[in-house]
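In: No letters, just coordinates:
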């Protein structure tokens, strides 16, 4: 395809590096940009550069933020004694939408995965232990994903907290498992249904 | 979601304007950019601006190009007498990959669609007639999409060429219809199978 202009080929290539964007989609996005008003394309390009220039990790919770500490960590209305541990920043967004958690967060930036060579030094476990050891923390909510890697990570952190942190009276909790609200029992997988039965409650 | 940093929200919003990118995907792309090296993000941002700055429409075939006329139109080895009419630049790429077409192109930038209010002034039909009237053209290959809008557009252009262009001896052709190579007869839809039967050939 020698007939494709180098700047067009370059943009297709860059788009294709994004996760979940294949070659065909990268082409479609590129030709969409070509047809778009220059102003709109510039807003996208500038937004990309702006996040790289202005966003840093919060030095407490390791979420992405413009200010350090982040708005959640520096909010006096949030309970610094309750830390909800999540795998990634998107999980913080999802939990914040519920408005239920009044404490703060700790973003691990990943989950343990022996299969993929991701060990404890690759995610922010040590930073969590340090926060817990510094005192004040009454509860750790382990909100990693309800899958093999997430559960492994939660189990690992639980043991670490109990052994190394040496904090007495620290509550370690995890999110409830059961049927998803709005779901249909017929379509629930075996694992979900087992956990829902095991965790059944008096009405 | 007051807790989301404005530059992050802005990038999510810009990504979500791209075709086929929903809110969740826009979030995922944004957090991917946040985790990427700044150099990689800059390459994407710069590639976006570069296509807008350096790419123009070819004044002959209306394909996107860095130089006007485009490399295909200005290639003396290409037959200026055979124009393949397509809906969009991606179709040129697809046809060029085959290496079969030795002529030039004309990119309509759309197809007629009464349902969506897209009429003849919205696509480059007049520019095609002008090229044909200017002489030299021996064949027009109507390679619009094999769907309702593409076929309507081809039929419309065919009539226009016969009526307005008033060119005697102009061949007007269209791409063959039939079973896709590598396909399975069992899975061919009714329309495809009908056209394949109607267009059957002696072996």
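Out: Yep, it's here. Computed from a predicted model, the values in this text were never measured in an experiment.

In: pLDDT score assigned to residue A:200?
Out: pLDDT for residue A:200: 80.

In: In terms of helix, strand or coil, where does it fall?
Out: Three-state call for residue A:200 (DSSP: H, G, I helix; E, B strand; the rest coil): coil.

In: likewise residue A:132?
Out: helix.

In: What residues of stretch A:65-73 count as buried?
Out: A:65, A:66, A:70, A:71, A:72, A:73 (16 or more other Cβ atoms under 10 Å in any protein chain shown). For the C-beta atoms, the positions are set from N, CA and C on the backbone; glycine is no exception.

In: got it, and stretch A:45-61?
Out: A:45-52, A:55, A:57-58, A:60-61.

In: ok, and does that stretch reach over to chain B?
Out: Yes. For stretch A:45-61, a contact with chain B is found by Cβ under 8 Å from any Cβ of the partner chain, at A:45, A:46, A:47, A:48, A:49, A:50, A:51, A:52, A:54, A:55.

In: and residue A:178, what does it touch?
Out: Residues in contact with residue A:178 (Cβ atoms under 8 Å, 6 or more residues apart in numbering or on different chains) are A:192, A:195, A:196, A:199.

In: Is there a neighbour count for the second one? I'd like the number.
Out: Around residue A:195 there are 16 other residues, counting by other Cβ atoms under 10 Å in any protein chain shown.

In: For chain B, see how far away it is.
Out: 25 Å (Cβ to the nearest Cβ, to the nearest Å).

In: the domain parsing of chain A - what is it?
Out: A:6-54, A:78-202 (automatic domain parsing).

In: Would you mind checking the contacts of residue A:178 for buried ones?
Out: A:192, A:195, A:196.

In: Could you give the separation of the lengthiest helix in chain A from the chain centroid?
Out: Secondary structure assigned by DSSP state H gives helix A:38-54 as the longest helix of chain A. Relative to the centre of its chain, helix A:38-54 is centred 23 Å away, using Cα atoms, centre = their mean, to the nearest Å.

In: got the buried residues for stretch A:185-198?
Out: Neighbour-count burial for stretch A:185-198 [16+ other Cβ under 10 Å]: A:188, A:192, A:195, A:196.

In: would you list every one of the strands in chain A?
Out: In chain A, the segments counted as strands under DSSP state E are A:56-57, A:64-65, A:79-86, A:103-107, A:139-142, A:171-174.

In: right, is the third one up against chain B?
Out: Spelled out, that is strand A:79-86. No. Using Cβ under 8 Å from any Cβ, strand A:79-86 stays clear of chain B, with a minimum separation of 12.5 Å.

In: Can you tell me what sits against that strand?
Out: A:61, A:73, A:92, A:95, A:101-108, A:128, A:131-132, A:136-144, A:154, A:157.

In: Quick check: ChimeraX command selecting the buried ones in those.
Out: Here is the ChimeraX selection string for the buried members of the contacts of strand A:79-86, based on 16+ other Cβ under 10 Å:
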select /A:61,73,92,95,101,103,104,105,106,107,108,128,131,132,137,140,141,142,143,144,154,157
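
In: The residue nearest to residue A:196 when sequence neighbours are not counted and residue B:156, how far apart?
Out: Residue nearest to residue A:196 in three dimensions, not counting chain neighbours: residue A:178, with 4.3 Å by Cβ to Cβ, 6 or more residues apart in numbering or on different chains. Per Cβ to Cβ, to the nearest Å, residue A:178 is found 59 Å from residue B:156.

In: Same question for residue A:116.
Out: Taking Cβ to Cβ as the criterion, residue A:116 is separated from residue B:156 by 55 Å.

In: where does chain A have low pLDDT?
Out: Applying pLDDT under 70 to chain A picks out residues A:1-3, A:165-168.

In: what ranges do the helices span in it?
Out: Going by DSSP H, chain A shows helices at A:6-16, A:23-35, A:38-54, A:89-98, A:125-133, A:148-160, A:190-198.

In: what sits up against the fifth one?
Out: Which is helix A:125-133. Helix A:125-133 is contacted by residues A:60, A:62, A:83, A:85, A:106, A:108, A:120, A:137, A:140, A:156-157, A:160-161, A:164-167, A:170 when judged by Cβ under 8 Å, 6+ apart.

In: biggest separation within the buried residues of stretch A:185-198, which pair?
Out: For the buried residues of stretch A:185-198, the farthest-apart pair by Cβ to Cβ is A:188 and A:195; their separation is 9.7 Å.

In: my guess is residue A:69 contacts residue A:58, does it?
Out: Yes. Counting by Cβ atoms under 8 Å, residue A:58 is a contact partner of residue A:69 at 5.4 Å.

In: Pick out the residue nearest the middle of chain A.
Out: Centroid-nearest residue in chain A: residue A:88, 1.4 Å away (criterion: Cα atoms, centre = their mean).

In: returning to that earlier point: of all the contacts of residue A:178, which comes closest to residue B:14?
Out: Closest to residue B:14, out of all of the contacts of residue A:178 and judged by Cβ to Cβ, is residue A:192, at 36.3 Å.

In: what's the closest non-adjacent residue to the closest one?
Out: residue A:179 (6.5 Å).

In: again with residue A:46
Out: residue B:45 (7.4 Å).

In: now swap in residue A:175 and tell me
Out: residue A:143 (5.3 Å).

In: Hmm, residue A:94 and that neighbour touching each other?
Out: No. Contact criterion Cβ under 8 Å: residue A:143 and residue A:94 do not qualify, at 9.5 Å.

In: coming back round to it: show me which of the buried residues of stretch A:185-198 is closest to chain B.
Out: When these are compared for distance to chain B (Cβ to the nearest Cβ), residue A:192 comes out closest, at 21.3 Å.

In: isn't the closest one right next to residue A:177, touching?
Out: Yes. Under the criterion of Cβ under 8 Å, residue A:192 makes contact with residue A:177 at 7.4 Å.

In: Show me what the longest helix of chain A packs onto, helices and strands only.
Out: helix B:6-16, helix B:23-35, helix B:38-54 (3 or more Cβ pairs under 8 Å, 6 or more residues apart in numbering or on different chains; DSSP states H and E).

In: will you turn the ones you listed into a markdown table that also has distance to residue A:18?
Out: As requested, the helices and strands packed on helix A:38-54 are exported to a markdown table (distance: least, Cβ to Cβ, whole Å):
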| stretch | distance to residue A:18 |
| --- | --- |
| helix B:6-16 | 9 |
| helix B:23-35 | 6 |
| helix B:38-54 | 8 |
